[in-house]
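**Student:** Below are the sequence and a predicted model; questions follow.
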Amino acid sequence: MRRYLLALAATLGFAVTSLPADAAVADEVENCAACEAVLDLALANPRREGDRARDTWRHPQETLSFFRVRPGMTVVDYMPSGGWWTRVLVPYLGETGSYIGLNPDVTAASEGWKSYANLAGTLPEKAAGWTGVPAARIGAYNTDGLPPALNGTVDRVLIFRELHNLKSEGWLARELNTARALLKPDGLLGIEQHRAKADAPDAYADGSKGYLREKDVIASVEAQGFQLVGKSEINANPRDPANHDAGVWTLPPNFRLGEKDRDRYAAIGESDRMTLLFRKRP
């Protein structure tokens, strides 16, 4: 782990003067006390300058710790979009780890989803520019183009605020089945999702507003061969009433209503979110 920290620091352009003593490395690798230092370096990367304002709401250190993500793992980042998590995960996983961006199968999707096609042809070069890591080290696929050899090789599948899209488009069961096939026997699925109130009506919690009821998410995921092993309030925001007519996009960073009540929505902050961890069932 000490060598990893030194290599990462050199890659990111930092000088590291205080690292764990060699005698303690074996124990620290076991309990991953050093993972925090590795992630601190990745989060301090100057390439993340434009991302850092959202750390307050996305809690990357705490979230990846809860999802038990470690350097050297193979991790799928589901629907990486603009690369916010890509810029964290690629340097954190390091040269011994593997980052894989994954988009859904959109071959029969509506026109609005066509830009999500051909992730293999677009993400590696973008991610290389975002992170400084060679494009050859960035895996990228749509689920209809996954090589069968990847099945059973992934340590973590992470889905950040995308389940509402999968539910709205009718893809949820299909994509969760793909995630389950990719995971190792002891693999974990981490989900962060905008959270509707427990008594929200079906019409509000159907995905069209961005919010889903936690009990529904748990039931849907467990129905596809997973078992809930942990819940966290890391990304909770009790100020969010989760009842916006224009959906979750009313809140920052989208501000769908423009200047209308902007100060009020800014004071609420980003959405209330559930953070759930599931294990693949045998």
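**Tutor:** On my side now, so go ahead. Bear in mind the structure is a predicted one, so any value in this text is a computation, not a measurement.
**Student:** contacts and neighbour counts: CA atoms only from here.
**Tutor:** Will do.
**Student:** ok, longest strand in this protein?
**Tutor:** Ordering each strand of the chain by length in residues (DSSP state E) puts strand 183-194 first.
**Student:** which of the residues in it are buried?
**Tutor:** Judged by neighbour count (16 or more other C-alpha atoms under 10 Å), strand 183-194 contains these buried residues: Leu183, Lys184, Pro185, Gly187, Leu188, Leu189, Gly190, Ile191, Glu192, Gln193, His194.
**Student:** I'd like to know which elements that strand is packed against.
**Tutor:** strand 154-160, strand 273-280 (3 or more C-alpha pairs under 8 Å, 6 or more residues apart in numbering; DSSP states H and E).
**Student:** Next secondary structure after the least confident helix or strand in the chain by mean pLDDT?
**Tutor:** Least confident helix or strand, the chain: helix 25-31 with a mean of 41, by mean pLDDT, DSSP states H and E. Downstream of helix 25-31, the first helix or strand assigned by DSSP states H and E is helix 35-43.
**Student:** In TSV: the helices and strands packed on strand 183-194, plus mean pLDDT, mean neighbour count and distance to Met73.
**Tutor:** Listed next are the helices and strands packed on strand 183-194 as TSV, based on pLDDT from 0 to 100; neighbours: other C-alpha atoms under 10 Å; distance: least, C-alpha to C-alpha, whole Å:
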stretch	mean pLDDT	mean neighbour count	distance to Met73
strand 154-160	98	23	6
strand 273-280	98	23	16
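**Student:** Switch the ones you listed over to CSV; also include distance to Ala33.
**Tutor:** Below are the helices and strands packed on strand 183-194 laid out as CSV (distance: least, C-alpha to C-alpha, whole Å):
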stretch, distance to Ala33
strand 154-160, 19
strand 273-280, 21
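**Student:** among those, which is nearest Pro104?
**Tutor:** strand 154-160 (11.7 Å; C-alpha to C-alpha).
**Student:** Between which two of the buried residues of strand 183-194 is the distance greatest?
**Tutor:** Using C-alpha to C-alpha, the pair of the buried residues of strand 183-194 lying farthest apart is Pro185 and His194, separated by 28.2 Å.
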